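S.K.: I'd like to go over a predicted model; first the sequence, then the structure.
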Amino acid sequence: MDEKEKYKLKSLLRQLKSIEGRGTELVSLYIPSNYPIGKILDQLNYEYATAANIKDDTTRKNVQAALAKIINYLKDFKKIPENGLVIFAGNIAGRGDQDVRLWAIVPPEKSNLKLYRCDSKFYVEPLEEMLEEKKLYGIVTIDKGEAAIGLIKGRKLIVLDEFESWVPRKHHKGGQSARRFERLIDQATQEWLQYVAEKARQYFDKYKDKIQGIIIGGSGFAKHDFIEYLPYYYKDKIIAIVDTGYSDAYGLREALYRAEDKLKELEIEKERKILSDLFKAIALGRKDIALGYEEVKKYLEQGLVQKIIVMEDFPKLDEILELAEKHNVDVEIIEGGTTEAEQFRPIGIAAFLYYASE
């Protein structure tokens, strides 16, 4: 799902969130991917019959009308889409009137959620979570006793593997035995760090082009020595080295918590760079820049726009997105919250052109 599609879905979800039912009469239905249509229709028919017991006449009438609309809509389906299906239905008219609407959404990613809910509000939260930015980060925690490897996808931490080391514990012998044992410990430690680094490489290589950065955590100095055994292309992606009390799966969660500020900084930095490049181009007086709605629209319709930068709350964003889609133009939507975004807000929209305008 590209930025334009995300924005359209976000706008629809905002619209749905603003709708309030008179009672518990708004229906939210989440159907998992490839779930049998027959089973869903059986459940909906059961809910329709059960709704006959609702005491309030208006609520009963509206719930049954919403369910009837969903049942009628699903009758045309042979199978549920690969990503699942989400349906919202309910009366959006004022008191005493009836205007039952239905919205059907194919989720932006595969959903296994099965849910039926009648409430005074539509339940849109699972879809909102899917729309959150899901940058992929690698994470490793390690010390001389244990290690764990994971991935961070959006808000979710995925534990890929955990290991216990074979490095001997220190002992209290003296003399030559002590020196020999120390050498064995050093050798075992190097082999252990090399082993975990190779495992991390194998796991991360599956997502090599998608991983935005890597977090290293653990207690003691082993985490610093470990970095030397990573391939150069992962060393360059390290964004944080943090101290943790543990180096197992719990340590991964601890490392993620300690690196959260850094992850937020990276997202903000991306937005800052987009706007910084724009401001620099404006300051240099470059002619391949369009500023403001009228200019951007004019060059967009002429097919001269390479990329659009626009505030998320720009009044005519829907219209611009439709034109951008028609002309196959990339759109960067700025959410705000940074100094640069506030500087850009009075302009609202700008574009980089393929070549300088007259």
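M.R.: That came in fine, so what should we check first?
S.K.: how does this structure divide into domains?
M.R.: For the chain, automatic domain parsing gives the domain ranges 3-131, 136-262, 286-353.
S.K.: give me the distance between the two termini of the shortest one.
M.R.: Translated: domain 286-353. Counting by C-alpha to C-alpha, to the nearest Å, you get 10 Å between the two ends of domain 286-353.
S.K.: what do you get for stretch 122-139?
M.R.: End-to-end distance for stretch 122-139, by C-alpha to C-alpha: 36 Å.
S.K.: rounded mean pLDDT for it, please.
M.R.: The average pLDDT within stretch 122-139 is 87.
S.K.: buried set for it?
M.R.: Applying a neighbour-count criterion of 16 or more other C-beta atoms under 10 Å, one finds 122-124, 127, 130-131, 135-139 buried in stretch 122-139. No exception for glycine: its C-beta is placed from N, CA and C like everyone else's.
S.K.: quick check: the two most widely separated of those residues?
M.R.: Farthest apart among these by C-beta to C-beta are F122 and G138. That separation is 36.6 Å.
S.K.: sec struct for E82, please.
M.R.: Three-state assignment for E82 (DSSP: H, G, I helix; E, B strand; the rest coil): coil.
S.K.: wait, it sits on P107?
M.R.: No: look at E82 against P107 with C-beta atoms under 8 Å: they stay out of range, at 9.9 Å.
S.K.: between the two, who's got more neighbours?
M.R.: P107 (22 against 10; other C-beta atoms under 10 Å).
S.K.: and the strands in the protein, which stretches?
M.R.: With DSSP state E as the criterion, the chain has strands at 26-31, 85-91, 100-105, 115-119, 136-142, 146-153, 156-164, 211-218, 238-243, 289-291, 305-311, 330-334, 349-353.
S.K.: ranking these by burial, who's on top?
M.R.: Most buried of these by mean neighbour count (mean count of other C-beta atoms under 10 Å) is strand 136-142; its value is a mean of 26.
S.K.: the inter-axis angle of it versus strand 211-218?
M.R.: Here strand 136-142 runs at an angle of 20 degrees relative to strand 211-218 (axes from the mean of the first three to the mean of the last three C-alpha atoms, to 10 degrees).
S.K.: what's strand 136-142 packed up against?
M.R.: Packing partners of strand 136-142 (3 or more C-beta pairs under 8 Å, 6 or more residues apart in numbering; DSSP states H and E): strand 146-153, helix 175-205, strand 211-218, helix 222-227, helix 249-283.
S.K.: and these as TSV, adding distance to E162 and mean pLDDT?
M.R.: Below are the helices and strands packed on strand 136-142 laid out as TSV (distance: least, C-beta to C-beta, whole Å; pLDDT from 0 to 100):
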stretch	distance to E162	mean pLDDT
strand 146-153	5	93
helix 175-205	10	86
strand 211-218	13	94
helix 222-227	15	95
helix 249-283	6	88
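S.K.: ok, which of the ones you listed comes nearest L115?
M.R.: Between the helices and strands packed on strand 136-142, strand 146-153 lies closest to L115; by C-beta to C-beta that is 22.1 Å.
S.K.: how far away is R253 from Y234?
M.R.: To Y234, R253 is 21 Å away according to C-beta to C-beta, to the nearest Å.
S.K.: I should have written L9 there, sorry.
M.R.: To Y234, L9 is 34 Å away according to C-beta to C-beta.
S.K.: equivalent analysis for K144, please.
M.R.: Applying C-beta to C-beta to K144 and Y234 gives a distance of 21 Å.
S.K.: repeat that for A249.
M.R.: 21 Å.
S.K.: check R286 too.
M.R.: Distance of R286 to Y234, computed by C-beta to C-beta: 37 Å.
S.K.: looking at the two, which one has more neighbours?
M.R.: Higher neighbour count among R286 and Y234: Y234, with 21 against 13, using other C-beta under 10 Å.
S.K.: surely the more buried one and R201 touch.
M.R.: Yes: counting by C-beta under 8 Å, Y234 does reach R201; the two are 7.0 Å apart.
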